[in-house]
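> attaching a predicted model along with its sequence, questions to come.
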Amino acid sequence: MYRMWKVQRSMYKKVYLLKRYLSIAILFLLVISLLSGCNQEKKEMVSKNGFFFDTMISIKILEEEDRGTKLLEACWSMCEKYEKIFSRTREDSELYQLNHRDTQEVQVSEDLFQLFSYGKACYDRTDGKFDLSVAPLSDLWDFKGDSKQIPLEQDLQSALENVDFSRVHLEEPNQVLFENPDTMLDVGALAKGYIADRLKEYLVSEGIETGWINLGGNVLTIGEKEEGTPWKIGIRKPFGEEAEICAYVEVKDSSVVSSGIYERYFEKDGVLYHHVLDPDTGCPAATDLAQVTILSKESLDGDGWSTSCLLMGYEKAKTMVEAIEDMEAIFVMKDGEIRYTEGCRISLAE
């Protein structure tokens, strides 16, 4: 009997000690967890503003401050890289070198080839109205200065002889062939959208789940806002004050891109001359639209389609956009009337 009692007493003692050790271990792990939580930096909206691609840009992401700052610095390095590829005026850029080539067969980077390929698709779907070879025409029109000079007809006709993207051929891998030695290309209508997509791609690969990218009006959102609600993006009122909006949309993980005839223009003798040029006439496109906003998954689509719609006019543009899955459009007519595709959800400004 005594022997049994002694065994039981030993077992109770071991159980007691085991419970005590477990309690100490759990308490230790809890303290470590709390200390770790105290040392972890809280995520907040980290932003950076600057000037690239001839426009103001801004990127904002939800991340720990130190890491977020480093990620945004990497985005700035990407912007510098792309500007040295796509700029038509920088003499050290790839595109500038292409336009000042001494051979009619040129090997280009993958980035530039992708933009040319997308531009070729836009050219086909607009029956040649969206044309990356309008650079000689753009050089004749001064929409940034104060000259308000309309090019001479003879100069326009001379430039038009070198405008025809069908005479530029793309061959894999990344080969561009020119029929006309005087053809010059301009990717300004597509570059910001392409770059925004690459920036988002990088940030998402780094684990960013919340943020937005604004490249001079090309807005691309990452996920939704910190509190779990959609991003509210304003649609600028054509010819209004810079901060004046005519409507807004709520989106998440989407692109909102607007193009309009009010972006660069001048008036002379009661006539408005805008920067969206018709490659058939060399003059500003005759359109019934003042602005087009495209809602899409990728910003490159927003860039290409917003400009294409301006060139095509309302009726044809609306029909084409409504035939594309996961794309919506908002059209602001020249008289200020706002129209939109059937699946678009917008709120008009008060």
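Good, I have the coordinates.

> tell me how many other residues crowd T55.
Neighbourhood size, T55 [other C-beta atoms under 10 Å]: 13. For the C-beta atoms, the positions are set from N, CA and C on the backbone; glycine is no exception.

> show me what contacts it?
192, 215-217 (C-beta atoms under 8 Å, 6 or more residues apart in numbering).

> just the helices in this structure please.
2-39, 65-86, 94-99, 110-125, 135-140, 153-160, 191-205, 299-312, 314-322 (DSSP state H).

> would you single out the least confident of those helices?
In terms of average pLDDT, helix 2-39 trails the rest of these, at a mean of 49.

> can you map out the strands along the stretch 101-250 of the chain?
Counting by DSSP state E, counting those that start in this stretch, residue ranges of the strands within the stretch 101-250 of the chain are 105-107, 168-171, 175-178, 211-215, 218-222, 231-236, 245-251.

> got these as CSV, with distance to P151 and mean neighbour count columns?
Putting the strands of the stretch 101-250 of the chain into CSV (distance: least, C-beta to C-beta, whole Å; neighbours: other C-beta atoms under 10 Å) gives the following:
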stretch, distance to P151, mean neighbour count
strand 105-107, 28, 13
strand 168-171, 23, 14
strand 175-178, 24, 16
strand 211-215, 30, 23
strand 218-222, 29, 25
strand 231-236, 29, 19
strand 245-251, 32, 18
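
> looking at these, which is closest to Q149?
Nearest of the strands of the stretch 101-250 of the chain to Q149, taken as C-beta to C-beta: strand 231-236 at 27.4 Å.

> partner strands of the closest one, parallel or antiparallel?
Taking DSSP bridges as the criterion, strand 231-236 sits next to strand 245-251 (antiparallel) in its sheet.

> now do the strand it pairs with: everything it contacts.
For strand 245-251, the surrounding residues in contact (C-beta under 8 Å, 6+ apart) are 221, 230-238, 240, 256, 293, 295, 330, 332, 336, 338, 344-349.

> and for stretch 122-137?
Contact with stretch 122-137 is made by 88, 99, 116, 119, 156, 159-160, 162-168, 182-187, 189-190, 277-280, 282, 285, 304, 307-308, 311-312, 320, as judged by C-beta under 8 Å, 6+ apart.

> before we move on, what about stretch 214-222?
For stretch 214-222, the external contacting residues (C-beta under 8 Å, 6+ apart) are 52-59, 61, 192-193, 195-197, 199-200, 203-204, 208-213, 231, 233, 236, 251-258, 299, 302-303.

> of the residues you listed, grab the buried ones for ChimeraX.
Buried residues among those (16 or more other C-beta atoms under 10 Å), as a ChimeraX selection:
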select :52,53,57,59,61,192,193,195,196,197,199,200,203,208,210,211,212,213,231,233,236,251,253,254,255,256,257,258,299,302,303
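
> once you drop chain neighbours, what's closest to E110?
Of all residues not flanking E110 in the chain, N174 sits nearest, at 6.0 Å (C-beta to C-beta, 6 or more residues apart in numbering).

> from S117, how far off is the one you found?
Distance of N174 to S117, computed by C-beta to C-beta, to the nearest Å: 10 Å.

> more crowded one of those two?
Remark: of N174 and S117, N174 carries more neighbours, 17 against 12, as counted by other C-beta under 10 Å.

> the more buried one: what's it in contact with?
107-110, 112-113.

> hmm, try it at 10 Å
N174 makes contacts with 106-114, 116-117, as judged by C-beta atoms under 10 Å, 6 or more residues apart in numbering.

> so how far is W212 from A349?
Distance from A349 to W212, by C-beta to C-beta: 20 Å.

> er, E250 actually
From E250 to W212 the distance is 13 Å (C-beta to C-beta).

> distance of R67 from E73?
According to C-beta to C-beta, R67 stands 11 Å off from E73.

> these two: who's more crowded?
Shown here are R67 and E73; by other C-beta under 10 Å, R67 has more neighbours (16 against 11).

> doesn't V46 make contact with the more buried one?
Yes. Contact between R67 and V46 holds when scored by C-beta atoms under 10 Å: they sit 8.5 Å apart.

> what's the overlap in contacts for those two?
Common contacts of R67 and V46, defined by C-beta under 10 Å, 6+ apart, comprise I61.
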